[in-house]
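[1] Need coordinates for the following:
(2 chains)
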Amino acid sequence: QQQVKQSPQSLIVQKGGISIINCAYENTAFDYFPWYQQFPGKGPALLIAIRPDVSEKKEGRFTISFNKSAKQFSLHIMDSQPGDSATYFCAALLNNAGNMLTFGGGTRLMVKP
Amino acid sequence: NAGVTQTPKFQVLKTGQSMTLQCAQDMNHEYMSWYRQDPGMGLRLIHYSVGAGITDQGEVPNGYNVSRSTTEDFPLRLLSAAPSQTSVYFCASSHLAGGSSEQFFGPGTRLTVL
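    Okay, here's the model as predicted:
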């Protein structure tokens, strides 16, 4: 049973557009929500993260929006660039469970020039 | 700092063969873990360790063994490979730091079991 559901599986956006990736979780004990970016042939790398006591976090062109009541969070990439083309994973970390991350299924983003 | 290193990068096995995937980190991280990545399923935790001599199972531990004799190394052993273990394997490490510490991933090992 997948505790973190991610959509869409793939996304094509024009250069300069906004990319939006959505995630939903079930376990209300999750208390840390990171997003990872993965380029082909590489391991995932932390992009941005948020805690549930904050509704939004912005770092450059990347923004996480968090809706605790709906148990949903999303990644927005503003002014998307071809260099943003990668696979993005949302994840959730369970309170008092060490560093065990539960990942969503991933979104393959392609930004067309 | 080399970060998290994994060897080999690619491996082809026949059903029933055994092998060990190597993982090492030079950041003095307490926490190390192994994930497998399959299309559409994200990364799933196989085994993890919070320090030398301490290991525990993750979401999909069957068919895999681990040990942690040093802080730096965390090898993953496949005792009798099966085609269902065809996947990309990632090792990750982090400080424990209350659970929100950034996890650093290695470059992965692509394993094919025929």
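[2] Enumerate every residue touching the closest residue to chain B within chain A.
    Using CB to the nearest CB, A:Gly43 is the residue of chain A that sits closest to chain B, at 3.2 Å. In short, each C-beta sits where N, CA and C put it, glycine included. Neighbouring residues of A:Gly43 by CB atoms under 8 Å, 6 or more residues apart in numbering or on different chains: B:4, B:90, B:92, B:105-108.
[3] Count the residues that sit near residue 29.
    By default, I'm working from chain A. For A:Ala29, the neighbour count with other CB atoms under 10 Å in any protein chain shown is 12.
[4] Actually, chain B is the one I wanted.
    The number of residues packed near B:His29 is 22, by other CB under 10 Å.
[5] if I pick it, what's in contact with it?
    For B:His29, the contacting residues are B:71, B:93-95, B:104, by CB under 8 Å, 6+ apart.
[6] hmm, back to that, restricted to strands, list the contacts of A:Gly43.
    The strands, defined by DSSP state E, take in B:4, B:90, B:92, B:105 from the contacts of A:Gly43.
[7] Keep only the contacts of B:His29 that also lie close to chain A.
    Intersecting these with the surroundings of chain A, defined as CB under 8 Å from any CB of the partner chain, gives B:Ser94.
[8] who wins for neighbours among the contacts of B:His29?
    The most crowded member of these, judged by other CB under 10 Å, is B:Ser93 (28 neighbours).
[9] ranges for the strands of chain B?
    Assigned by DSSP E, the strands in chain B fall at B:4-7, B:10-13, B:19-25, B:31-37, B:43-51, B:54-57, B:64-66, B:76-78, B:87-94, B:104-105, B:109-113.
[10] mind putting those in JSON lines, mean pLDDT and distance to A:Gln38 included?
    JSON lines is the format used below for the strands of chain B (pLDDT from 0 to 100; distance: least, CB to CB, whole Å):
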{"stretch": "strand B:4-7", "mean pLDDT": "97", "distance to A:Gln38": "14"}
{"stretch": "strand B:10-13", "mean pLDDT": "97", "distance to A:Gln38": "18"}
{"stretch": "strand B:19-25", "mean pLDDT": "98", "distance to A:Gln38": "18"}
{"stretch": "strand B:31-37", "mean pLDDT": "95", "distance to A:Gln38": "9"}
{"stretch": "strand B:43-51", "mean pLDDT": "93", "distance to A:Gln38": "9"}
{"stretch": "strand B:54-57", "mean pLDDT": "94", "distance to A:Gln38": "25"}
{"stretch": "strand B:64-66", "mean pLDDT": "97", "distance to A:Gln38": "22"}
{"stretch": "strand B:76-78", "mean pLDDT": "97", "distance to A:Gln38": "20"}
{"stretch": "strand B:87-94", "mean pLDDT": "96", "distance to A:Gln38": "9"}
{"stretch": "strand B:104-105", "mean pLDDT": "94", "distance to A:Gln38": "8"}
{"stretch": "strand B:109-113", "mean pLDDT": "97", "distance to A:Gln38": "14"}
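[11] how about A:Asn99, what does it touch?
    Contact analysis of A:Asn99 by CB under 8 Å, 6+ apart lists A:93, B:31, B:33, B:48, B:94, B:96, B:99, B:101, B:103.
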